[in-house]
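Undergrad: Please find the sequence and the predicted model below.
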Amino acid sequence: NSLTATQVVAQINEVAAVAIDVGDFFTAPSVAELATVVDGAHDLREHLPLVSGKREGPPPLSLAQQR
């Protein structure tokens, strides 16, 4: 079902550091084809470097935190 597919896709994205969506999961009828999709997916590790930044004071509160 779609809820299970969403959980599986989230795990794949986290473990493999890629960005596939639920549609990719449903269009790949086998594990081998899903692996091909994952291999061809955008690697998030290559394009999202972690950089530190300077802050001046504490960050602003969200609306929920302000209440």
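TA: Here it is on my side, so go on.
Undergrad: what's the next secondary structure element after the helix or strand of the chain with the lowest mean pLDDT?
TA: Ranking every helix and strand in the chain by mean pLDDT, DSSP states H and E puts helix 44-47 at the bottom, with a mean of 66. Note on helix 44-47: by DSSP states H and E, the next helix or strand toward the C-terminus is helix 63-66.
Undergrad: could you say what helices and strands that next one packs with?
TA: Applying 3 or more C-beta pairs under 8 Å, 6 or more residues apart in numbering; DSSP states H and E, one finds that helix 63-66 contacts no other helix or strand. For every residue, glycine as well, the C-beta is placed using N, CA and C.
Undergrad: Any regions of the protein where pLDDT drops low?
TA: Within the chain, the set of residues satisfying pLDDT under 70 comprises 44-49.
Undergrad: ok, and what's touching the top helix by length along it?
TA: With residue count as the measure and DSSP state H as the assignment, the chain has helix 2-16 as its longest helix. Contacts of helix 2-16 with the rest of the structure, by C-beta atoms under 8 Å, 6 or more residues apart in numbering, involve 18, 19, 20, 21, 22, 24, 25, 26, 34, 38, 41.
Undergrad: Would you list the buried entries among those?
TA: For these, a neighbour count by 16 or more other C-beta atoms under 10 Å gives the buried set as 18, 20, 24, 25, 34, 38, 41.
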